[in-house]
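1. With the sequence up front, the predicted model follows.
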Amino acid sequence: VALMVGHDEEVAAVGIATDCAFASLSDVLESAVSRSLRFPPSLSATAIWLAGLLNPLLYGYQLSEVSPVSAVAAGGSARAGQVPLLLIHTEADEVVTVSQAHAIYSAAAVPDDMKQLKVVQHCHHVGCFFSDRQGYLKLLTDFFDRAFGAAEDAKQASEVSRTEERRVVETPE
């Protein structure tokens, strides 16, 4: 959800860091149904399709609306391509498969130097912080130092540009 909210036009997110984010709620639900009920994938997909029909009646939104992968993709949100991303995921995630992180990374409209995918070995869903707190905090600190630095540079460049525009307008011909 952070990926969706952080790309909203009213939110001035400087960067977004996620831990084991999902790309599509429907995909996560299908996987959970398949795993927990031992349904074949086609039956899980059908069950989630049916749940998707009921969800708007019960909760007021479509399952397809919960799609962080869409929010980060070009044209998917007001700020797609503008917000730096740090995606942390574990290879062994049993809740949200690592393929979800790869899907978000691949779809993200930001340039490659503004996105990072860190896949961690030997931990479970959202457990990477607990397996290496120092490394985790360094990764976050470095990411947000770069993101805030870039935001400050962009703000200063914008101010310089506005000052130059005012000089051009004020200069008599």
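-> It's in.

2. Mind listing what's buried along the lengthiest helix in the chain?
-> When the chain is parsed with DSSP state H, its longest helix is helix 133-170. For helix 133-170, the neighbour count (16 or more other C-beta atoms under 10 Å) marks Tyr136, Leu139, Leu140, Phe143, Arg146, Ala147, Ala151 as buried. (C-beta placed from N, C-alpha, C; glycine too.)

3. Average pLDDT for stretch 10-18, rounded please.
-> The average pLDDT within stretch 10-18 is 92.

4. so how far does stretch 121-133 reach from one end to the other?
-> 14 Å (C-alpha to C-alpha, to the nearest Å).

5. can you check stretch 74-85 too?
-> For stretch 74-85, the end-to-end distance is 14 Å (C-alpha to C-alpha).

6. ok, residues contacting it?
-> When contacts are defined by C-beta atoms under 8 Å, 6 or more residues apart in numbering, stretch 74-85 is touched by residues 3-4, 6-9, 11, 13-18, 70-73, 104-105, 107-111, 114-116, 143, 146-147, 150.

7. just the buried members of those?
-> Buried among these (16+ other C-beta under 10 Å): 3-4, 6-7, 13, 15-18, 70-73, 104-105, 107-110, 114-116, 143, 146-147.

8. now, which of those lie within helices?
-> Using DSSP H, the buried ones among the contacts of stretch 74-85 in helices are Leu3, Met4, Gly6, Ser70, Ala71, Val72, Ile104, Tyr105, Ala107, Phe143, Arg146, Ala147.

9. residues contacting Ala47?
-> Glu30, Val33, Phe39.

10. quick one: low-confidence ranges for the chain?
-> Confidence mapping of the chain against pLDDT under 70 gives the ranges 162, 164-173.

11. and the longest helix of the chain, what does it pack onto?
-> strand 16-19, strand 85-90 (3 or more C-beta pairs under 8 Å, 6 or more residues apart in numbering; DSSP states H and E).

12. Can you name the next helix or strand after the first one?
-> This means strand 16-19. helix 25-37 (DSSP states H and E).

13. follow-up on the earlier one: just put the contacts of Ala47 in CSV and tack on neighbour count.
-> Shown next, in CSV, are the contacts of Ala47 (neighbours: other C-beta atoms under 10 Å):
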residue, neighbour count
Glu30, 22
Val33, 19
Phe39, 15
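
14. Return the closest of these with respect to Gln100.
-> Glu30 (11.7 Å; C-beta to C-beta).

15. How about Tyr61: what's its closest non-neighbour residue?
-> Once flanking residues are discounted, Tyr61 sits nearest to Asn55: 6.7 Å by C-beta to C-beta, 6 or more residues apart in numbering.
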